[in-house]
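Peer 1: I'll drop the sequence and a predicted model, then ask my questions.
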Amino acid sequence: MKTYRKELVFEIPTRRAFVNITAEVVDCIEQSRINEGLLLCNAMHITSSVFINDHEAGLHQDFEEWLEGLAPHAPISRYRHNDTGEDNGDAHLKRTIMGREVVVAITDGRLDFGPWEQIFYGEFDGRRRKRVLVKIIGE
C-alpha cells in the first residue's frame, strides 16, 4: 500500500469564507499516483471546516445566513469561550456544525463523487494562516 500526505495552506483575508478546494485535492491524487484507495481531507484548525456539497453561490449564501442564525458572531459576550479574551466562540460552533473532514473513495485515479459534489474549505475565523491535511492511502 502507498501513502501520500500534503498540507494545503490558506490565508483567508475575511472572517468567513467558503473556498472550493476540489482542484487542489485532484492535484494531490495525481501527485500520489494512487489509483484505488481512500482520501482523507481535514481542517487542522478548530475554527475551520472541510465539507462536501454543491458549488452554487446561493447555497453558500444560505450556509452563511443559516450558520449566523444558529451561532451569531455578535454579541461576543454571549459565548463563555470569549471570556478568555477571544472573539471566536461562534467560529468553534460553526466548525462543529459543518464538520472537520471528508473521506472520499478514489476509483480509477479519480474522486468517486456523485453529481454536483465538490470539496470545500470553510473558514469561520480567518485573517491568519491555516492548514488542511490531504492524506491518501491505496494502490
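Peer 2: Sure thing, it's come through.

Peer 1: longest single helix anywhere in this structure?
Peer 2: In the chain, taking DSSP state H as the definition, the longest helix is helix 57-70.

Peer 1: report the buried residues of that helix.
Peer 2: Of all the residues in helix 57-70, those buried under the rule 16 or more other CB atoms under 10 Å are His60, Phe63, Leu67. Any C-beta I mention is one placed from the backbone N, CA and C, and that applies to glycine too.

Peer 1: who is the spatially most central residue of the chain paired with across the strands?
Peer 2: The chain has Val50 as the residue nearest its centroid, 1.9 Å off, counting by CA atoms, centre = their mean. Applying DSSP bridges to Val50 yields these beta-bridge partners: Tyr121.

Peer 1: ranges for the strands of the chain?
Peer 2: In the chain, the strands defined using DSSP state E lie at 2-11, 17-20, 37-43, 48-53, 101-107, 110-111, 118-123, 129-138.
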